[in-house]
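J.: what would the 3D arrangement of this be:
(chains A and B)
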Amino acid sequence: MNASFKPIRKVAIIGIGITKFGEHWDKGLKDLAIEAGIKAVEDAGISGDEIQLLVGGNMSGGLFAGQEHGSALLADYLGLNPIPAIRTEAACASGGVALRVGYMAIASGMYDFVAVGGVEKMTDVYGPQAMNTLAGAMDFETEAYYGVTFPGIYALIAKRHMHLYKTKQEHLAMVSVKNHEHGARNPFAQYQKRIKVEDVLSSPLVADPLHVLDCSPITDGAATIILTTAENAKKLSDTPVYIIASAQASDTLSLYARNDLTTLSATVHAAREAYRQAKIKASDVDVAEVHDCFTIAEILAYEDLGFIKKGLGWKLIEEGETMIGGRIPVNPSGGLKAKGHPVGATGVAQIVELVKQLRGEAGKRQVDAEIALAHNVGGSGATATVHILSR
Amino acid sequence: MSREFAVPFHWRRFRERYQLIGSKCEHCNGVFYPPRIVCPRCRRRGKVKSIKLSGRGRVYTYTIIRTPPEGFKIYTPYIIAIVELEEGAKILTQIVDCMPDEVYIGMPVKACFRKIKEENESGIILYGFKFKPDTQAKQG
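T.: This next block holds a predicted model:
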């Protein structure tokens, strides 16, 4: 599935903006997206007149906030009319796909300046309705129909992984503990509180073996980045960050239809394609933001991205290799678990974090990195995007 | 709160759901549930036919749902499993007539027709297959 497409221009990120992640009673869908958009334009040091295309990732403005057609709404409120505005949807990978559309727009030579945003406003509905909406990311007629929840889907993966390999509940808990430790250093994170393995294991079971503290939360938030050509970036920015690979792959929407439940093959395919484009190996990655919607998902990501062999993901967390200061820090932002997971915003928020890391602006959670990887997953792995960034 | 669908949304799936009809590709022998129009492996080379599934299989993986979605509260806690059918296809289902601490990976199970949920007060009652321990199955 290697893309025959060869980027004719190198793409750079010159601006980033993000809202605090959490429960924003005072801000709606539009307010969050606008806040992140304005910050990104300011950070890029451009007027905004340069922007020729707006791409926004959003899973379900309709069911979470009653608003479809958010792309045009935001172009209007950001003062960008009459430029074209596109919404992308791939459940929790909506943001990663938005980034990829923006990347293609520049790499292909079609546009010179693109704003890529991601937003989700999840707390304007009550818990059960939010659950119903998220259930739409799985196969509605053959999975959700029988009463499985999203934690349930990842619990099925976890149980199988624990059956085949030496993965233990404690390993899953350690992922949560690590991401909370990182989140405690991130002023934009929803949870800035350190926890212990015992806290995870004594929190209520949601779907065995997953506890409440194995699950990412319901979050409001938005993130935006400004893309341009490498040539423009050199003139406009002292600290441009380059996108050296952009890959996406698909798999069955339903988990049960896969041969192997312990591998997200869309991640494997996207990662392979991304490493090929960037001309690097997995071991060359210095820092990664991966899709830890549930703790088991981070263990899968270690394996499917090639950081360690299949079945041995637990070793990376047990040996502290993915902590800040470890061999390959993963989710220095706190990840989806502690930073929060406004589903449509997550894929773009990961890029915001990695740009901060590569610029050296990550404060107490700064890692030493030249090459950074972002991994965003939709549903139980039906969509995966992998982007690689460099200084 | 829960979304209400018109009757055809469910009615058009009655055959596959209420008779456990899947498909088999006569080109690669792949078996699929729910039915597929296109064989995902063979595409245009494939020859996809309807097949009635036996409803016998083994638990491939499972979980216990303790925080249910709407309409499932009365069953909670309940077992959700992926069952590998003897024809080779896998299916997601509830395991019933079995306590949460009795289920295990590899457990032989067979299909039984049950109520799934009432969509809402005015809506239709939804049925389908759940699976229960198959005490007659050969061990191993």
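
J.: and the residue nearest the centre of chain A, helix, strand or coil?
T.: Centroid-nearest residue in chain A, with CA atoms, centre = their mean: A:Gly347, separated by 3.1 Å. What DSSP: H, G, I helix; E, B strand; the rest coil gives for A:Gly347 is helix.

J.: can you confirm A:Asp31 is in a strand?
T.: No - looking at A:Asp31 with three-state DSSP, it is helix, so not inside a strand.

J.: A:Lys309: how many residues sit nearby?
T.: A:Lys309: 10 surrounding residues under other CB atoms under 10 Å in any protein chain shown. C-beta: built from backbone N, CA, C; applies to glycine.

J.: my guess is it meets A:Glu303, correct?
T.: Yes - with contact defined as CB atoms under 8 Å, A:Lys309 reaches A:Glu303; the gap is 7.0 Å.

J.: what bridges to B:Ile82?
T.: Going by DSSP bridges, B:Ile82 is paired in beta bridges with B:Thr61, B:Leu92.

J.: now do B:Gln139, the pLDDT please.
T.: pLDDT recorded at B:Gln139 is 60.

J.: which residues of chain B fall in strands?
T.: In chain B, strands defined by DSSP state E lie at B:21-25, B:31-32, B:48-52, B:56-65, B:78-85, B:90-95, B:108-118, B:125-133, listed in chain order.

J.: report the contact partners of the residue nearest to the centre of chain A.
T.: With contact taken as CB atoms under 8 Å, 6 or more residues apart in numbering or on different chains, A:Gly347 is in contact with A:57, A:92-99, A:118, A:374, A:376, A:385.

J.: about what we covered before: which one, of the strands of chain B, ends up nearest to A:Gly340?
T.: Among those, the nearest to A:Gly340 by CB to CB is strand B:56-65 (24.1 Å).

J.: next, A:Ala297: phi, psi?
T.: phi -70, psi -30 (degrees, to the nearest 10).

J.: end-to-end on stretch A:361-380?
T.: 33 Å (CA to CA, to the nearest Å).

J.: from the contacts of A:Gly347, which is closest to B:Pro77?
T.: Distance to B:Pro77 across these (CB to CB) is lowest for A:Cys92, with 26.0 Å.

J.: what pLDDT does B:Ser122 get?
T.: 65.

J.: test my guess that A:Arg9 contacts A:Thr229.
T.: Yes - using CB under 8 Å, A:Arg9 is in contact with A:Thr229, at 5.1 Å.

J.: who has more neighbours out of these two?
T.: Neighbour comparison, A:Arg9 and A:Thr229: the larger count goes to A:Thr229, with 19 against 16 (by other CB under 10 Å).

J.: tell me what the more buried one is bridged to.
T.: Assigned bridge partners for A:Thr229, using DSSP bridges, are A:Val11.

J.: ok, it - contacts?
T.: Counting by CB under 8 Å, 6+ apart, A:Thr229 makes contact with A:Arg9, A:Lys10, A:Val11, A:Ala12, A:Ile106, A:Asp112.

J.: repeat that for A:Ile14.
T.: A:Ala44, A:Gly45, A:Ile46, A:Ile226, A:Leu227, A:Thr228, A:Asn232, A:Ala233, A:Leu236, A:Ser237, A:Pro240.

J.: let's see it at 7 Å
T.: The contact partners of A:Ile14, taken as CB atoms under 7 Å, 6 or more residues apart in numbering or on different chains, are A:Ala44, A:Ile226, A:Thr228, A:Ala233, A:Leu236, A:Ser237, A:Pro240.
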